[in-house]
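Chemist: Here is a sequence together with a model predicted from it:
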Amino acid sequence: MNKWNYVLSATALLIGGHALAASWEPLPSDERLRLNIAVKKTAGVKMLGVEPGDLATLPRIGGAPVPPTGETRAKGAMEAGAPEEVIWYASDAQSAPRLKSTETQPCLIAADAKLSSRADAWEQAYDCLRAIASGTTTAGQPYAHKLLGAHPGVKVLAVEPVLDLVVPTKDKWQFTGDQSAATPVLPPSPVWPSGAPGWHLSADYSQLSPAYRKVFGESTDRPGSVLVAHLDTGYTPGDPMLPRHHDRALSKTCQRDEQGAISCQPGGQAHWDSNVLLASPGHGAATLSNLAGGYYDNGQGQIQMGGNPSAHVYSINIHDTFVHLDSRQMAAGIEAAVHDQADLITLSHGGFPSMRLAYAVDLAYTSGTPIFAASGDFLEFPLFLGRTFRSVVYPARYSQVMGVAGVTMKEESYGDNPNLLWWFSFGPGYLSRLGSWMLRGNYGPASVMSEANFISAYVPNITRSDPASDKDYRIASNGGGTSHATPQVAAAASLWLEGHKESPLKDKWRSWEKSEAVYQALTQSAKKCFADYNVEHYGQGILRAGDALDWKYVSVPTGPGRISRTGSSTTVPLVRREAAGLDLPGVVEALRSIRLPGQFEETAIEAFHNALITELAQVIFTSDELQSFLQKFHLCKPAEGCERCTRQELSAVDLARLADLIGEIPDASQTLKAALRTLWSAK
């Protein structure tokens with residue numbers, strides 16, 4: 001993305017709504033180099049580092065015990081009896097420990113180290129891993145012992161640079177648009193189709209209203225037994241649309257202290273006084289109301305706002321803005337929800353792939369805490385000036401997460417052009433209308449939408465809470481962005497799970513089977529094969545919460561269970577998804593064959609392979625050329641009135657071409673390029 005598009009992106013964010021552009025550039029105010037380092041150690045093994053500068057002196061940013069089988073993560077298994085545990089540390093320029101000597105420490109970032117490029121940041125990570133495998137100190141001590149201690153029960157799982165999605169600084173903005181003054185009720189955007197307030201909840205659309213009444217009846221007095229973790233910018237205590245059963249006592253805020261350690265402490269409130277760039281404290285209130293907001297009177301009767309007004313929900317504040325998100329805090333929030341034994345997570349944020357995030361996602365999925373995440377948003381600029389990044393973002397892109405794309409009231413993709421005539425609708429409010437026209441929902445590529453785990457929900461013009469401040473409350477009917485589609489799917493999941501608390505699924509409640517069962521119930525019941533349907537835009541179809549209730553979990557004595565449709569012989573076996581990562585068969589296996597020579601290769605080799613795979617995922621994620629190249633191997637064609645997709649394996653010639661394309665990308669590290677050339681390149 002060029003600099004001009006950055007300016008337009010920031011402007012449109014202010015005049016038209018919310019968006020997330022998946023492009024990378026270090027913020028001038030936050031150029032410090034940062035590494036995530038993860039180790040796995042045998043329970044009871046003490047990290048033996050005692051000198052300043054050893055890994056144990058670095059701030060902790062997360063981790064959890066690993067249960068014996070990996071199949072079930074009951075709370076007791078997470079707190080006692082686990083034979084291994086994973087610990088994540090932050091090695092940051094801003095919080096680097098003072099060393100007693102000037103000896104170079106490849107894994108400990110110098111206090112003045114700057115983040116100059118993605119490629120250089122990854123080289124720092126690879127240098128750290130090479131030093132662990134074969135490096136020595138000036139005293140002749142193995143560097144692995146210096147960093148980790150001499151106990152053989154410690155291995156490195158991950159070393160990666162922290163690369164967050166960012167937007168331009170304030171001095172690049174030129175104007176903020178002509179938004180109208182705050183009013184109690186804001187109308188829907190005329191650019192997109194809309195209906196009466198709450199239209200998206202009706203039986204003709206998401207079916208959330210009839211599904212809610214089927215599960216809870218007409219009253220919101222009875223709180224749900226399913227616990228929902230809402231990860232966003234926090235809740236606003238005085239908001240009239242705050243869910244009736246919102247749990248303030250359990251709510252928390254995940255943030256970084258002065259030393260760089262990240263912890264989640266009681267709180268969870270939105271920070272309306274935040275000075276973070278593009279702070280959006282009201283974003284959490286809006287998505288929370290979509291999930292579980294109650295009823296309001298619009299002068300014509302009581303209108304349901306949330307998909308499940310009886311949900312037992314609590315807030316985890318993971319950042320003050322959804323635009324520049326520290327992936328460490330997102331991962332910490334996911335782990336906190338798992339520790340709280342949340343039954344599902346709704347997450348309207350996104351960003352880069354990272355090992356830190358993938359670890360948290362895998363922990364949630366295998367613990368029976370499914371995640372529902374927004375596909376992201378992009379901006380289509382007028383006058384053919386181009387667009388920001390359009391493909392779906394992470395963690396929605398991970399197959400262990402259910403990603404949520406957008407579909408309009410007319411069952412057309414929210415990623416498509418609504419109407420070019422809005423360019424010429426001059427007059428009062430023109431910039432706001434233009435901003436609404438520019439904002440679209442991310443989708444594709446088809447390989448991700450079909451092979452991953454995607455569904456679509458209705459947006460824009462969704463009724464939501466829209467506080468202008470912590471004392472100025474209003475309701476808006478113009479909710480846009482996939483942020484407002486995601487809570488609808490999470491609400492449907494909470495209703496489905498509510499009906500299964502006392503089913504045979506209760507015996508697998510803290511396992512991957514629970515996550516997979518609710519994913520499959522929503523997928524199998526989704527509306528497919530309508531006039532505009534294609535996998536690239538809609539994934540597995542459009543949410544139908546009421547139809548999902550017809551699918552039930554069935555236990556199987558000799559293996560994983562299945563889901564079955566009531567009144568039908570149709571059944572779907574549950575299959576555990578692979579750990580979050582890069583889904584590129586043949587490529588991942590080949591990268592895992594590369595060696596890291598040295599006495600302590602076994603200590604660092606898994607982390608080295610994980611680093612190569614994660615960097616490759618990032619390079620593909622930010623390259624339209626690479627995504628277009630890989631899309632050729634995933635074909636979707638009309639079949640039986642719908643669309644079916646097939647995947648082809650990459651040949652040796654194709655792999656060589658992939659290696660050559662990556663060799664021409666400046667953001668790719670020399671280590672990654674050399675690894676790919678060694679494996680496949682014909683040059």
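Modeler: Nice, I can see it.

Chemist: got the residue ranges for the strands in the stretch 351-500 of the chain?
Modeler: 371-374, 377-379, 401-407, 439-441, 454-458, 462-465, 475-479 (DSSP state E, counting those that start in this stretch).

Chemist: Check what contacts the fifth one and list those residues.
Modeler: So that's strand 454-458. Outside strand 454-458, the residues within contact range by CB atoms under 8 Å, 6 or more residues apart in numbering are 200, 205-206, 375, 392, 396, 402-409, 448, 485-486, 488-489, 522-523, 526, 537-543. For the C-beta atoms, the positions are set from N, CA and C on the backbone; glycine is no exception.

Chemist: Next step: those residues restricted to helices.
Modeler: Cross-referencing the contacts of strand 454-458 against helices under DSSP state H gives V448, T486, Q488, V489, L522, T523, H537, Y538.

Chemist: check contacts around the closest residue to the fifth one other than its chain neighbours.
Modeler: By the measure of CB to CB, 6 or more residues apart in numbering, the closest residue to L522 outside its immediate chain neighbours is A548, 5.3 Å from it. For A548, the residues meeting the contact criterion (CB under 8 Å, 6+ apart) are A211, A492, L495, W496, A521, L522, Q524, S525.

Chemist: Just say helix, strand or coil for E643.
Modeler: Here E643 is recorded as strand under DSSP: H, G, I helix; E, B strand; the rest coil.

Chemist: And it, how far from R244?
Modeler: 41 Å (CB to CB, to the nearest Å).

Chemist: What about the contacts of A548, which one has the most neighbours?
Modeler: When neighbours are counted by other CB atoms under 10 Å, A492 leads the contacts of A548 with 31 neighbours.

Chemist: Do I have it right that it meets L208?
Modeler: Yes: with contacts counted by CB atoms under 8 Å, A492 reaches L208, the gap being 6.3 Å.

Chemist: what touches both of those two?
Modeler: With CB under 8 Å, 6+ apart, A492 and L208 have common neighbours G307, A545.

Chemist: Make JSON lines out of the contacts of A548 and add pLDDT.
Modeler: Converted to JSON lines, those look like this (pLDDT from 0 to 100):
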{"residue": "A211", "pLDDT": "96"}
{"residue": "A492", "pLDDT": "98"}
{"residue": "L495", "pLDDT": "97"}
{"residue": "W496", "pLDDT": "97"}
{"residue": "A521", "pLDDT": "97"}
{"residue": "L522", "pLDDT": "97"}
{"residue": "Q524", "pLDDT": "95"}
{"residue": "S525", "pLDDT": "96"}
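
Chemist: the helices in the stretch 1-150 of the chain, which residues?
Modeler: 3-16, 75-79, 118-134, 143-148 (DSSP state H, counting those that start in this stretch).

Chemist: Would you single out the least confident of the ones you listed?
Modeler: Looking at the helices of the stretch 1-150 of the chain, the lowest mean pLDDT belongs to helix 3-16 (a mean of 34).

Chemist: List the residues that contact R433.
Modeler: Contacts of R433 were listed using CB under 8 Å, 6+ apart, and they are S189, P190, V191, W422, S425.

Chemist: Type out the ChimeraX command that picks the buried ones from these.
Modeler: Buried members of the contacts of R433, defined by 16 or more other CB atoms under 10 Å, are picked up in ChimeraX with:
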select :189,191,422
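
Chemist: which one of the contacts of R433 sits closest to G306?
Modeler: Taking CB to CB as the measure, S189 is the one of the contacts of R433 closest to G306, at 20.8 Å.

Chemist: show me the contacts for K527.
Modeler: G541, I542, L543, R544.
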